[in-house]
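>>> Structure of the sequence below:
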Amino acid sequence: MRALRQALGGLLLIGLTTCTVVGGIFLAVSENRSAPLAATETAAATLPPTP
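Have a look, this model is predicted:
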């Protein structure tokens with residue numbers, strides 16, 4: 001019974017790790033898609049004010 005519990009715990013840990021990695025990749029890809037907009041906003045924010 002203990003071996004079964006350890007095996008299930010290991011599988012749960014693998015599943016959680018996989019979800020975390022896939023979620024991180026998804027966030028990285030979605031950030032790259034909006035990068036030009038973010039870069040434009042950053043560039044506009046760093047421009048000196050016009051008199």
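>>> Which parts of this structure are strands?
For the chain, applying DSSP state E gives no strands.
>>> got any ranges where it has weak pLDDT?
34-47, 50-51 (pLDDT under 70).
>>> Return the list of helices and strands in contact with the longest helix along the chain.
In the chain, assigned by DSSP state H, the helix with the most residues is helix 2-33. Based on contacts counted as 3 or more C-beta pairs under 8 Å, 6 or more residues apart in numbering; DSSP states H and E, there is no element that helix 2-33 packs against. In short, each C-beta sits where N, CA and C put it, glycine included.
>>> Please tell me how far Glu31 sits from Cys19.
18 Å (C-beta to C-beta, to the nearest Å).
>>> scratch that, Leu27 is what I was asking about
Taken as C-beta to C-beta, the span from Leu27 to Cys19 is 12 Å.
>>> What is the burial count for Thr20?
For Thr20, the tally of surrounding residues (other C-beta atoms under 10 Å) stands at 10.
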